[in-house]
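*Asks:* Fold the following.
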Amino acid sequence: MLPSHGRYEFSPITERPDYRWPNGARLALYVALGVEEYRFGDGMTEDIIAGASKPDMVNTSWRDYGNRVGGFRLLDRLASRGISPAILLNTEVYDHAPALMKAAVEAGAEIVGHGRTNSDTLAGMGPEEELAYLRSVQERITAEQGFAAGGWSSPWLAHTDNTLDLLPQAGFSYLLDLRMDDQPVWLKTTSSPVLALPYALELNDSSTQIGRQATARDFATMIVDEFNEMLAASRNQPLVMSIVVHSFISGQPFRLAALTEALDHINAQRNDVWLTQPREIFAFIANSPELAV
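*Replies:* Modelled structure (predicted):
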């Protein structure tokens, strides 16, 4: 046998328990909205213009657009379609863009821990440093909203050998980073198991539109195609679909226009879908843990 991380076993989707989501639908769908903050001139960055000279005001301004403009427009557009997103939050946003966080609260968004800043990465951290980092994110979210965040999504989707074991110690119960399945999967840890919710690695404006240079129309078509296929497949078993967007990417007007068309396609069939948030999916599975593999 080949080496494995050992965090989950093979399980064919053809051999799973059958059930329906709370509203009787077979397809659960959530939208994750990345709201991020970066240290100027230091650490990791997401750039629209590679190799810009330093100091890099150009890429910084592109990212800043998300928290000044794009995030508000995305929240409004999602709300107009009856969608309350999960915010993948860098907690520095509480200090740098408080008005955006106020708008997120008013939109009923779920807050998912996503590091302090996206200039950070867990990669290379020792266990004590990483646990302290995870706890600092959880403590800030708890202080701001009055209760802990259940979900975690790592900056840059980066992990150490210890991340999954440390998440429960920091109060996180589910992970939005992996796409090994179309249903939730329990991950083995040294303490409480962590539930991996299907997380779009390709239906993601960062990896697809910035990483692969797909157009906004390409991305919208991908969303529609994925939705149509998932809705058809869900007639046979319950499934989870996710869409991942970022305030500074899909919040750009020309991308928002195309995204809206895809959202309208989904909204026209909302009676056949459970438009929900990660915390609601987790709560449903946690109440009947045998439903997840």
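*Asks:* avg pLDDT for stretch 172-188?
*Replies:* Here stretch 172-188 scores 98 as its mean pLDDT.
*Asks:* now residue 145: how far from residue 42?
*Replies:* Relative to residue 42, residue 145 is positioned 28 Å away (CB to CB, to the nearest Å). No exception for glycine: its C-beta is placed from N, CA and C like everyone else's.
*Asks:* of those two, who's got more company?
*Replies:* For residue 145 versus residue 42, neighbours defined as other CB atoms under 10 Å are more numerous around residue 145 (15 against 9).
*Asks:* contacting residues for the closest residue to that one other than its chain neighbours?
*Replies:* With CB to CB, 6 or more residues apart in numbering as the criterion, residue 145 has its nearest non-adjacent residue at 6.1 Å, and that residue is residue 111. For residue 111, the contacting residues are 86, 87, 89, 104, 141, 144, 145, 149, by CB atoms under 8 Å, 6 or more residues apart in numbering.
*Asks:* Reformat these as a markdown table; add secondary structure.
*Replies:* What follows is these, written out as a markdown table (DSSP: H, G, I helix; E, B strand; the rest coil):
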| residue | secondary structure |
| --- | --- |
| 86 | strand |
| 87 | strand |
| 89 | strand |
| 104 | helix |
| 141 | helix |
| 144 | helix |
| 145 | helix |
| 149 | coil |
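*Asks:* Scan those residues and report the most crowded one.
*Replies:* Of the contacts of residue 111, residue 89 is surrounded by the most neighbours, 29 neighbours in total, counting by other CB under 10 Å.
*Asks:* Show me what it bridges to in the sheet.
*Replies:* residue 35, residue 113 (DSSP bridges).
*Asks:* Which residues are in contact with it?
*Replies:* Applying CB under 8 Å, 6+ apart to residue 89 gives the contacts 35, 111, 112, 113, 114, 141.
*Asks:* Report the separation between it and residue 105.
*Replies:* In terms of CB to CB, residue 89 sits 12 Å off from residue 105.
*Asks:* what about stretch 179-194, start to end distance?
*Replies:* 14 Å (CA to CA, to the nearest Å).
*Asks:* which residues in this protein form helices?
*Replies:* Along the chain, the stretches classed as helices by DSSP state H are 57-65, 71-80, 93-96, 98-106, 127-145, 163-166, 205, 216-233, 253-267, 278-287.
*Asks:* quick one: buried residues of the last one?
*Replies:* The reference is to helix 278-287. 278, 279, 280, 281, 282, 284, 285 (16 or more other CB atoms under 10 Å).
*Asks:* And the fourth one, by the same measure?
*Replies:* If you call a residue buried by 16+ other CB under 10 Å, then helix 98-106 has these buried ones: 100, 101, 103, 104.
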